[in-house]
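Trainee: Using only what follows, build the 3D model:
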Amino acid sequence: ATVATISFQYPDGGVASFELEVGEYVVGISGGPADIPIESKSLSRKHARLKIESTPDNCFIEDLNSTNKSSIVVSDDGSLFQLKPYIIYKLLPKTELLLGEVGALFEFRDSSKIQSSNE
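Mentor: From the prediction side, this is the model:
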């Protein structure tokens with residue numbers, strides 16, 4: 001079951017969205033080993049890892065020593081908080097990210113709003 005989504009905003013205005021189930025995902029440049037492939041040369045082959053759990057308090061991001069870094073966009077003032085490599089940071093239920101030159105929005109789905117799809 002999808003518990004969260006991550007949407008990437010390309011500089012040219014294109015958007016790529018991925019539905020996330022519980023598990024771990026590597027984000028990286030397309031054509032490489034990444035689970036979530038992004039069409040941008042600003043990303044490393046293995047840029048960052050997302051760890052998704054079934055509760056919003058247990059979702060994390062880790063920068064995998066990427067060349068062009070990963071940052072969390074601070075919601076208060078839009079400033080960038082750069083992630084240190086191999087340190088695990090908590091994702092809020094709605095977190096803006098910058099991976100290389102690509103903006104991303106992580107959103108945990110509010111379970112109370114998910115309609116059962118087995119009807």
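Trainee: Can you give me the pLDDT of residue 117?
Mentor: Listed pLDDT for residue 117 reads 46.
Trainee: So what's the residue count around residue 13?
Mentor: A count of nearby residues for residue 13, using other CB atoms under 10 Å, gives 6. Where C-beta positions appear, they are placed from N, C-alpha and C, glycine not excepted.
Trainee: Residue 5 in helix, strand or coil?
Mentor: Secondary structure assignment for residue 5 (DSSP: H, G, I helix; E, B strand; the rest coil): strand.
Trainee: ok, now how distant is it from residue 61?
Mentor: Between residue 5 and residue 61 the computed distance is 14 Å (CB to CB, to the nearest Å).
Trainee: Which one's more surrounded, those two?
Mentor: When residue 5 and residue 61 are compared for neighbours, residue 61 comes out ahead with 25 against 14, by other CB under 10 Å.
Trainee: My guess is that one contacts residue 89. True?
Mentor: Yes. Using CB atoms under 8 Å, residue 61 is in contact with residue 89, at 5.4 Å.
Trainee: Name the residues contacting each of the two.
Mentor: 72, 83 (CB atoms under 8 Å, 6 or more residues apart in numbering).
Trainee: Quick check, residue 9 in contact with residue 99.
Mentor: No. Judged on CB under 8 Å, residue 9 makes no contact with residue 99 at a distance of 10.7 Å.
Trainee: Apart from its chain neighbours, what residue comes closest to residue 1?
Mentor: residue 21 (6.3 Å; CB to CB, 6 or more residues apart in numbering).
Trainee: and the one you found, what is it in contact with?
Mentor: Going by CB under 8 Å, 6+ apart, residue 21 touches 1, 2, 3, 52.
Trainee: Closest one to residue 13 out of those residues, please.
Mentor: Nearest to residue 13, judged by CB to CB, of the contacts of residue 21 is residue 2 at 25.0 Å.
Trainee: and stretch 43-50, how far from the chain's centre?
Mentor: With CA atoms, centre = their mean, to the nearest Å as the basis, stretch 43-50 stands 10 Å off its chain's centre.
Trainee: can you give me the mean pLDDT across that stretch?
Mentor: On average, stretch 43-50 scores 98.
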